[in-house]
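Here is my input; please provide its structure:
(one chain, ligands or ions: 1)
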Amino acid sequence: EKGGYEWFMLKEIAEQPQAVADTLLGRHGRDGLLQLDEMRLSDDELRNVDKIVAIACGTSYYAAMVAKYAIEHWTRIPVEVELASEFRYRDPILDKTTLVVTISQSGETADTIEAIRYARQQRARVLSICNTNGSTIPRESDAVIYTHAGPEVAVASTKGFLSQLVACYLLGLYLAQVKGVKYGDEIARIIADLEGVPAGIQRMLDDGDEIRKVARDLAGSRSILFLGRHVGYPVALEGALKLKELAYIHAEGFSAGELKHGPIAVIEEGLPVFVVVPPKGRDLLQKKIVSNIQEVRARGARTIVLVEDGDDDVVPYADHLIRLPRLPTLLQPLVATVPLQIFACEFAAQLGHDVDQPRNLAKSVTVE
Ligand code: F6R
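Numbers count the residues shown, from 1 in each chain. Model (predicted):
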């Protein structure tokens, strides 16, 4: 059943090229337009949407964070991102032009279900991104985009997350198409880039020995930090969450821009710091993060740098370098997350932990 892998988690990490390809499958009509079959909301309803609230828990919440960057950029519709457990206990402003997007692998997360019920009472439309056919969340939603990751058995989400990212991108591109905003060359290019992603993920798997070696080198660490910016920030949060869940050590993700507002104080000699470097672009983010890497290294951090092919600016400041295939910034999480998953898995296995069934955790969180 584990297909020759020692852990379900390793099997599910290895299935990611397929999970991404399957989630993309059949979305692209002959006319070059996207089609989302289970999208039960009409184009008119979607054109009226003036605000999106993306709601989820845990890893799925990090997918929602990525969705904000992508959807706002492509559609110019404002997107708020909120933890389901916070959303339902405040007094959120919703009405019939608000689209609530919930993201859930299991479809049974109690807080997310309650958030949907609340949103529908307020007359908001609810679209769910979900991996489990017939589960409560899609049944209670107005519309669904199913991710096609296949069943996830390991408690820690991996292929579920990558397929959620794909669904979020598809939703953003679809809304842009419906609204007629910016639907031009850029979006056609993004779709072509998405189609190349399974091969990029496969390459990260094939190169996995490097990151496994880093995990063995760092196996005694009691604390590890993760830095990112833009969509690399939720990737950093996800890297830290995987490590907390599986290895039971202190792990924390930060936005690299926040370093000097506090977190840099915890940097000390030998502290491992992962850094996700955005692609070099017009927005100077890459330059800013290179200087963040220099800052932490000057204070003794041991840096593990994830950076795209061909960017050598960080080489002098990287104790370990993990290469990523080149992709537009917004899509980089699809490849940058993979070595962080492999790292957490290997690191926890080194400590002798049960990777598939971490202590204190359940696969579906059906109670609050
Ligand atoms: C992390 C993890 C959890 C879930 C969270 C939401 O590896 O598995 O953080 O992501 O409990 O679960 P779903 O997506 O099923 O609503």
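
Return the residues in contact with the residue of the chain found nearest the ligand.
Residue of the chain nearest the ligand, by Cβ to the nearest ligand atom: Gly58 (1.9 Å). All C-beta atoms are positioned from the backbone trio N, CA, C, and that covers glycine. Residues in contact with Gly58 (Cβ atoms under 8 Å, 6 or more residues apart in numbering) are 157, 241, 365.

what number of residues lie near the second one?
Look at Leu241: counted by other Cβ atoms under 10 Å, it has 22 neighbours.

surely it meets Ser60?
No: at 11.0 Å, Leu241 and Ser60 do not qualify as touching, with contact defined as Cβ atoms under 8 Å.

ok, the residue of the chain closest to the ligand to Ala156 distance?
Noted for Gly58: a distance of 10 Å to Ala156, by Cβ to Cβ, to the nearest Å.

got it, and Thr109?
Counting by Cβ to Cβ, the gap from Thr109 to Ala156 is 15 Å.

try Ile224
Between Ile224 and Ala156 the computed distance is 16 Å (Cβ to Cβ).

repeat for Asn48
38 Å.

more crowded one of these two?
Using other Cβ under 10 Å, the more surrounded residue of Asn48 and Ala156 is Ala156, with 29 against 13.

got the residues of this protein near the ligand?
Contact residues, the chain versus the ligand (Cβ under 6 Å from any ligand atom): 57-60, 104-106, 109, 112, 156-157, 241, 245, 364-365.

go again using 8 Å as the cut-off
Contact residues, the chain versus the ligand (Cβ under 8 Å from any ligand atom): 56-61, 103-109, 112, 131-132, 137, 155-158, 160-161, 164, 241-242, 245, 361, 363-365.

Can you list which of those residues are found in strands?
Among the residues of the chain next to the ligand, the residues falling in strands (DSSP state E) are 56, 103-104.

so where do the strands sit in the stretch 151-300 of the chain?
223-228, 250-255, 272-276 (DSSP state E, counting those that start in this stretch).

got a markdown table for these, with mean pLDDT too?
Below are the strands of the stretch 151-300 of the chain laid out as a markdown table (pLDDT from 0 to 100):
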| stretch | mean pLDDT |
| --- | --- |
| strand 223-228 | 98 |
| strand 250-255 | 97 |
| strand 272-276 | 98 |
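
Next, the nearest residue to Leu25 once chain neighbours are set aside: phi, psi?
Nearest residue to Leu25 in three dimensions, chain neighbours excluded: His148, at 7.0 Å (Cβ to Cβ, 6 or more residues apart in numbering). Main-chain dihedrals, His148, degrees, to the nearest 10: phi -120, psi 60.

Count the neighbours of the closest residue in space to Ile249 that isn't next to it in sequence for me.
Once flanking residues are discounted, Ile249 sits nearest to Arg222: 5.6 Å by Cβ to Cβ, 6+ apart. Using other Cβ under 10 Å, Arg222 has 9 other residues around it.

Any regions of the stretch 101-250 of the chain where pLDDT drops low?
Low-confidence regions of the stretch 101-250 of the chain, defined by pLDDT under 70, span residues 182-184.

any idea whether the residue positioned nearest the centre of the chain is helix, strand or coil?
Per Cα atoms, centre = their mean, the C-alpha nearest to the average position across the chain is that of Ala63, at 4.0 Å. Classification of Ala63 using DSSP: H, G, I helix; E, B strand; the rest coil returns helix.
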